[in-house]
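In: when you get a sec, could you give me coordinates for this:
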Amino acid sequence: MKPNARQIVAYAHEDALVIEVLCQHLNDYDKAAELRDEILAAMQRAQSVRVILDLRNLELLTSVALFPFIEIRAEAEREGRRIVLCNVATPVAQALTISQLIVENRAHARHLVLTEDIPAALEWLSSGDTATRHGPGLTDSISQSA
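Out: Predicted structure coming up:
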C-alpha cells in the first residue's frame with residue numbers, strides 16, 4: 001500500500017472524535033498495522049476523550065486483523081478515553097465477539113462497546129452507561145451464527 005494511502009477519515013462531531021474506517025476488508029497484517037497507526041495518530045491529535053469508530057464500510061475482519069482493536073482499546077484505557085463502535089456488520093461483530101473484544105453485560109473499560117449508529121454512540125457516551133449495548137437484532141444475529 002502506498003505510504004500516503006488513507007484508511008480512515010477523522011472528524012469532530014458534537015464533542016466526540018468520529019473515526020470512519022474506509023477499508024472494506026481487513027484481512028492482512030500490514031493493512032491492519034496501517035489502520036492502527038492512523039487511528040492512534042487521529043486519537044493523539046484530538047482533544048476529545050470520546051471516540052466513535054464508525055465501521056460502516058468494513059465488511060470482513062479476519063483474526064490477523066484483530067490486533068488494532070486490542071491496541072486501540074488499550075491506548076484508550078491508558079488515556080482515560082471512551083471508545084464506542086457503530087455501524088458494525090454482523091460478520092465483523094462476530095469476529096469481535098469471538099475474540100471477546102465485545103462482551104455483553106460487562107463493564108466497558110475492558111471491552112469495546114457496540115452501538116447501532118453515530119447518534120446511538122453519542123447517546124451512550126453521554127449517558128455514562130457501563131453496560132454494553134448492541135443494536136437491534138445484532139446480538140440475535142451473532143448468537144444464531146455462532
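
In: just give me the neighbour total for L122.
Out: 20 (other C-beta atoms under 10 Å). C-betas here are computed from N, CA, C, even on glycine.

In: what about the helix or strand harbouring it, average pLDDT?
Out: Element membership for L122 (DSSP states H and E) is helix 118-127. The average pLDDT within helix 118-127 is 93.

In: tell me what the residue nearest to V113 when sequence neighbours are not counted is bridged to.
Out: For V113, the nearest residue in space outside its immediate sequence neighbours is V84; the separation is 4.7 Å by C-beta to C-beta, 6 or more residues apart in numbering. Listed by DSSP bridges, the beta-bridge partners for V84 are I52, V113.

In: other SSEs contacting the helix or strand harbouring M43?
Out: Assignment of secondary structure by DSSP H and E places M43 within helix 29-45. When contacts are defined as 3 or more C-beta pairs under 8 Å, 6 or more residues apart in numbering; DSSP states H and E, helix 29-45 packs onto strand 8-13, strand 16-21, helix 67-79.

In: need the ones you listed in TSV with distance to I118 and mean neighbour count, can you?
Out: Written out in TSV, the entries for the helices and strands packed on helix 29-45 read as follows (distance: least, C-beta to C-beta, whole Å; neighbours: other C-beta atoms under 10 Å):
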stretch	distance to I118	mean neighbour count
strand 8-13	7	15
strand 16-21	7	22
helix 67-79	18	16
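
In: what's the closest of these to A33?
Out: A33 lies closest to helix 67-79 among the helices and strands packed on helix 29-45, at 7.4 Å (C-beta to C-beta).

In: need the residues that contact that closest one.
Out: The set of residues external to helix 67-79 that reach it, using C-beta atoms under 8 Å, 6 or more residues apart in numbering, is 26, 32-33, 35-36, 39-40, 43, 49, 51, 53, 81-83, 96, 99, 101, 109-112.

In: so V92 is in which element?
Out: Using DSSP H and E, V92 sits in helix 90-98.

In: give the contact list for the residue nearest to V113.
Out: Each residue near V84 by C-beta under 8 Å, 6+ apart is listed here: 50-53, 112-115, 121, 124-125.

In: which one among the residues you listed gets closest to T90?
Out: Looking at those and their distance to T90, the nearest is L114, at 11.2 Å (C-beta to C-beta).

In: so the closest one touches N87, yeah?
Out: No - here L114 lies out of contact with N87, judged by C-beta atoms under 8 Å, at a distance of 9.9 Å.
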